[in-house]
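**Q** generate a structure from the sequence data that follows.
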Amino acid sequence: MTRIALGIEYAGDAYEGWQTQPHGRTVQDTVCAALGEVAGAPVAVVCAGRTDTGVHATAQVVHFDSPVARPLTAWVRGTNSHLPAHVAVRWAAVVDDRFHARFSATARHYRYVLLSAPVRPALLAGRVGWFHQPLDEAAVRAAAAMLVGEHDFSAFRAAACQARSPVRRMRHVRVSRAGAYWLFDFCADAFLHHMIRNLVGALVYVGKGRYPPAWLGEVLAARDRAKAAPTFAPDGLYLCGVEYPAQWPLPQGGRIICPPQLPLILPCDAPESRSVD
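**A** Numbering: from 1, shown residues only. Next up, the predicted model:
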């Protein structure tokens with residue numbers, strides 16, 4: 001068998017999460033069915049990050065062991081011909097059997113896109129989060145800075161989280177704005193279940209003035225989920241990058257950070273946006 005790695009993007013609001021379910025309404029089930037059409041046999045895939053219901057991806061990475069020989073173009077264009085409009089394979093690469101989409105990854109990148117406006121979105125419903133009150137930019141950035149480094153993130157994990165340890169190393173948290181849109185960029189070695197949505201909820205609490213920035217550090221230190229803010233909606237959350245050691249023949253030398261493909265998901269160094277680590 002030949003191990004193949006794929007880059008996939010999808011709109012998560014059309015599915016009930018990544019992970020396969022008996023009802024079949026998941027991204028994994030959809031991708032496996034399409035790959036099976038190309039292979040002419042069942043295909044099982046492993047992903048870099050199991051996104052929840054309503055969460056999107058611009059740079060999900062998966063691997064599978066192909067039971068048949070096919071050109072890489074077949075795994076891209078052939079698979080896409082069997083996929084619905086909400087899912088697309090972006091690239092394919094041959095890797096050896098030591099590569100593992102999940103366990104070989106050294107970092108994940110997520111972005112949360114939040115619309116701060118009095119009126120909810122219509123055209124972007126399900127694709128951006130929404131908060132109706134203005135947010136204090138300086139306070140949000142001061143609070144976000146407290147998250148960088150290695151911490152016990154117990155206060156920001158879901159009760160159903162199955163991770164063995166709540167300790168994660170946050171490489172950076174970047175907050176930027178593009179008009180009414182707030183962009184929260186998180187990079188860590190890995191994330192806990194609902195961790196980003198819980199962090200965004202806490203940052204919004206600080207931004208609207210309910211608590212000062214120091215409160216976020218206190219919640220982090222308390223390691224108590226009950227002391228944090230409610231979980232924010234999944235609508236604006238995107239898995240937008242995965243990093244691997246350069247030994248694998250993957251795009252961008254293994255640092256698969258997807259360039260924005262929607263106008264609202266702007267790069268943090270765009271002229272109209274302002275960002276701070």
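
**Q** domains in the chain, as residue ranges please.
**A** Domain assignment of the chain by automatic domain parsing yields the ranges 2-104, 107-239.

**Q** would you map the helices across the stretch 1-150 of the chain?
**A** For the stretch 1-150 of the chain, the helices defined by DSSP state H, counting those that start in this stretch occupy 27-39, 72-73, 79-80, 137-145.

**Q** of all those helices, which one is nearest Y205?
**A** helix 137-145 (8.9 Å; C-beta to C-beta). All C-beta atoms are positioned from the backbone trio N, CA, C, and that covers glycine.

**Q** report the mean per-residue pLDDT for the closest one.
**A** Helix 137-145 carries an average pLDDT of 96.

**Q** hmm, who's touching that helix?
**A** 173-175, 177, 182, 184, 202-203, 206-207, 209, 212-213, 215-217, 276-277 (C-beta atoms under 8 Å, 6 or more residues apart in numbering).

**Q** using CSV, write out every CA atom in it.
**A** C-alpha atoms of helix 137-145 as CSV (Å, rounded to 0.1, in the frame of the first residue of the first chain):
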residue,chain,number,x,y,z
GLU,A,137,-9.3,46.7,21.6
ALA,A,138,-6.5,47.4,24.1
ALA,A,139,-8.2,45.3,26.8
VAL,A,140,-8.6,42.3,24.5
ARG,A,141,-5.0,42.4,23.4
ALA,A,142,-3.8,42.7,27.0
ALA,A,143,-5.8,39.7,28.0
ALA,A,144,-4.7,37.6,24.9
ALA,A,145,-1.0,38.2,25.8
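
**Q** quick one: it to chain centroid distance?
**A** In terms of C-alpha atoms, centre = their mean, to the nearest Å, the centre of helix 137-145 is found 21 Å from the chain centre.

**Q** who wins for proximity to I256 among the domains of the chain?
**A** Among these, the nearest to I256 by C-beta to C-beta is domain 2-104 (5.3 Å).

**Q** where do the strands sit along the stretch 51-200 of the chain?
**A** Counting by DSSP state E, counting those that start in this stretch, the segments of the stretch 51-200 of the chain that form strands are 56-66, 87-95, 107-116, 129-131, 149-152, 167-178, 181-188.

**Q** switch those strands over to a markdown table; also include distance to P249 and mean pLDDT.
**A** Formatted as a markdown table, the strands of the stretch 51-200 of the chain follow (distance: least, C-beta to C-beta, whole Å; pLDDT from 0 to 100):
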| stretch | distance to P249 | mean pLDDT |
| --- | --- | --- |
| strand 56-66 | 13 | 96 |
| strand 87-95 | 6 | 97 |
| strand 107-116 | 19 | 95 |
| strand 129-131 | 36 | 97 |
| strand 149-152 | 31 | 96 |
| strand 167-178 | 24 | 94 |
| strand 181-188 | 23 | 94 |
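
**Q** now render the domains of the chain as a markdown table, adding distance to L250.
**A** Shown next, in a markdown table, are the domains of the chain (distance: least, C-beta to C-beta, whole Å):
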| stretch | distance to L250 |
| --- | --- |
| domain 2-104 | 6 |
| domain 107-239 | 14 |
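
**Q** just give me the residue closest to the centre of this structure.
**A** What sits nearest the mean C-alpha location of the chain, by C-alpha atoms, centre = their mean, is L239, with 2.0 Å.

**Q** secondary structure element for that one?
**A** For L239, the host element (DSSP states H and E) is strand 237-243.

**Q** packing partners of that strand?
**A** Packed against strand 237-243 by the contact rule (3 or more C-beta pairs under 8 Å, 6 or more residues apart in numbering; DSSP states H and E) you find strand 56-66, strand 107-116, helix 195-207, strand 255-257.

**Q** rerun that using 7 Å as the cut-off
**A** Under the contact criterion of 3 or more C-beta pairs under 7 Å, 6 or more residues apart in numbering; DSSP states H and E, strand 237-243 touches strand 56-66, strand 107-116, strand 255-257.

**Q** closest to V87 out of the ones you listed?
**A** V87 lies closest to strand 56-66 among these, at 9.3 Å (C-beta to C-beta).

**Q** mind listing the strands that closest one pairs with, and their directions?
**A** When pairs are called by DSSP bridges, strand 56-66 turns out to pair with strand 2-10 (antiparallel), strand 46-47 (antiparallel), strand 237-243 (parallel).

**Q** name the residues of the first one that are buried.
**A** Within strand 2-10, the residues that count as buried by 16 or more other C-beta atoms under 10 Å are 3-10.
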